[in-house]
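have a look at this prediction, sequence included:
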Amino acid sequence: MASWKTIAAAAAMIAGIAAGAHADKAAGDACAASLNADGKAVYAAVVAANPTTETLRSVIEREARSLAMGGKISRGSARENATAAGECARVGLQ
């Protein structure tokens, strides 16, 4: 059975990882402030989906496609807005 010290150390490590995962959310939000309305919509949808660095690309593609097909953002500029929003989301995950 694990000692309480081992459990406490593991809990502290997990808490540190969780805190670090959102350490730059403010930087991502600041980046997103410069996006146009469609880019901001993509960014908001991506952040709401809570991606990881490993899933970010697929989340961006899925959310941008959904917004474009639903008529919420322009289909013609969906790719460039998704790219810009994705960079801001990436900053927020670092």
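Structure received. Numbering: from 1, shown residues only.

where's residue 82 relative to residue 94, distance?
Relative to residue 94, residue 82 is positioned 19 Å away (C-beta to C-beta, to the nearest Å). (Each C-beta comes from the backbone N, C-alpha and C, glycine too.)

pick out whichever of those two has more residues nearby.
Shown here are residue 82 and residue 94; by other C-beta atoms under 10 Å, residue 82 has more neighbours (26 against 11).

can I get whatever helix or strand the more buried one lives in as PDB, trimmed to CA atoms?
Assessed by DSSP states H and E, residue 82 sits inside helix 78-93. The C-alpha coordinates for helix 78-93 follow below in PDB (Å, rounded to 0.1, in the frame of the first residue of the first chain):
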ATOM      1  CA  ALA A  78     -13.100  29.500 -42.200                       C
ATOM      2  CA  ARG A  79      -9.600  28.000 -42.800                       C
ATOM      3  CA  GLU A  80      -7.700  31.300 -42.200                       C
ATOM      4  CA  ASN A  81      -9.800  32.100 -39.200                       C
ATOM      5  CA  ALA A  82      -9.300  28.600 -37.800                       C
ATOM      6  CA  THR A  83      -5.600  28.900 -38.300                       C
ATOM      7  CA  ALA A  84      -5.400  32.300 -36.500                       C
ATOM      8  CA  ALA A  85      -7.700  31.000 -33.700                       C
ATOM      9  CA  GLY A  86      -5.600  27.900 -33.400                       C
ATOM     10  CA  GLU A  87      -2.400  29.800 -32.800                       C
ATOM     11  CA  CYS A  88      -4.100  31.700 -30.000                       C
ATOM     12  CA  ALA A  89      -5.400  28.500 -28.500                       C
ATOM     13  CA  ARG A  90      -1.900  27.000 -28.700                       C
ATOM     14  CA  VAL A  91      -0.500  30.000 -26.900                       C
ATOM     15  CA  GLY A  92      -3.200  29.400 -24.200                       C
ATOM     16  CA  LEU A  93      -2.100  25.800 -23.800                       C
END
